[in-house]
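quick one, fold the following:
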Amino acid sequence: MGVEDYFKDKCCLVTGANSGIGYAISEALLEKGAIVFMAGRNVESLESAAKNLDAYSGQIRILLVDVTKQPEVDKAVQDMVAQEGRIDFLFNNAGIGGTMPTVDATIEHWKSIIDVNLWSVIYGINAALPIMRLQGGGHIVNTSSIAGLVPFPFQALYCTTKYAVVGMSESMRYEFAEEGIHFSVTCPSAVVSRIWKKPILGPVHEELETPEDAIPAEEAARIILEGVAEKKGIIVVPEQPGGWIWHEYCNSSEAAEEFLMKMAHERRLEWAKRQKV
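This is a model prediction of the structure:
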């Protein structure tokens, strides 16, 4: 089945839909004829995002939900099913970044990133999976990161959550395949999004520079939806250069070891410099 047909007339729920990859996925789904429930916790941002997609207003629904709160996630899924009678796709996309020295991480830092990046995914799956099983099918797409495949230094908190999302998604992909329920996990590397502009975890709160090689969110959405339509398990976005370090790391290559050790050294120097300012 082609990518256009795979999403046509399907009911899709996208969390973190007001910006970045979530917004781009929502727009791409709408273009392919899907009904899209755009979910987020800021009503003004959601309404603004929906207004920008006014050409598809008949296909858009808005769900106000804080994905770190299970009752709100449960209600969002229930409201969707009450309106449309089913949930064909769930895109657990909401997430936050986290780059900091692990020695500076407090328990609150750990809890904050785990709540958003991991528990929100668990809540979404827990709410949608029983419905998909009753329907006899569905597709859940969880957003991880290239940091869910490669252990980047100074990102232990972030890698913890993103590795967990990859492992959970892959395990469930095999477990529920015979029930017609598919799981995919997306692993973006450098993509233009607000994640670079949000305060990072740690004692220094400042914006990160968007990488020069970052691809537009629209391109990321295209790659993701093509992979989902092909029922791929792990979708690296983009395959290059992100895929390079993953494959090298899997092969225990000297190139990967040198790359990560160099990154650790450079980040250690950068954090030391910041703390002196």
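
doesn't residue 154 lie inside a strand?
No: Residue 154 is assigned coil when assessed by DSSP: H, G, I helix; E, B strand; the rest coil, not a strand.

how many other residues sit next to residue 70?
Residue 70 has 16 neighbours, counted by other Cβ atoms under 10 Å. To be clear about C-beta, it is placed using only N, CA and C from the backbone, and glycine gets the same treatment.

buried residues, the longest helix seen in the chain. List them.
For the chain, the helix with the greatest residue count under DSSP state H is helix 254-276. By neighbour count on 16 or more other Cβ atoms under 10 Å, the buried set for helix 254-276 is 256, 259-260, 267, 271.

residue 177: which of these is nearest?
residue 256 (30.9 Å; Cβ to Cβ).

ok, for that closest one, nearest residue in space, not its chain neighbours?
residue 248 (3.8 Å; Cβ to Cβ, 6 or more residues apart in numbering).

measure the one you found to residue 260 for me?
Using Cβ to Cβ, to the nearest Å, residue 248 is found at 10 Å from residue 260.

stretch 93-102: how far from the chain's middle?
Chain-centre distance of stretch 93-102: 12 Å, with Cα atoms, centre = their mean, to the nearest Å.

C-alpha coordinates for that stretch, CSV please?
Below are the C-alpha coordinates for stretch 93-102, written out as CSV (Å, rounded to 0.1, in the frame of the first residue of the first chain):
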residue,chain,number,x,y,z
ASN,A,93,5.6,12.7,19.6
ALA,A,94,5.8,15.1,22.5
GLY,A,95,9.2,15.3,24.1
ILE,A,96,11.9,17.5,25.6
GLY,A,97,15.7,17.6,25.2
GLY,A,98,18.3,17.2,27.9
THR,A,99,22.0,17.9,27.7
MET,A,100,24.0,18.4,30.9
PRO,A,101,26.7,16.9,33.0
THR,A,102,25.2,13.8,34.8
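
that one - what's its average pLDDT?
Mean pLDDT, stretch 93-102: 93.

any buried residues in that stretch, and which?
Neighbour counts over stretch 93-102 (16+ other Cβ under 10 Å) mark 93-101 as buried.

then stretch 20-34?
Those would be 20-32, 34, for stretch 20-34 by 16+ other Cβ under 10 Å.
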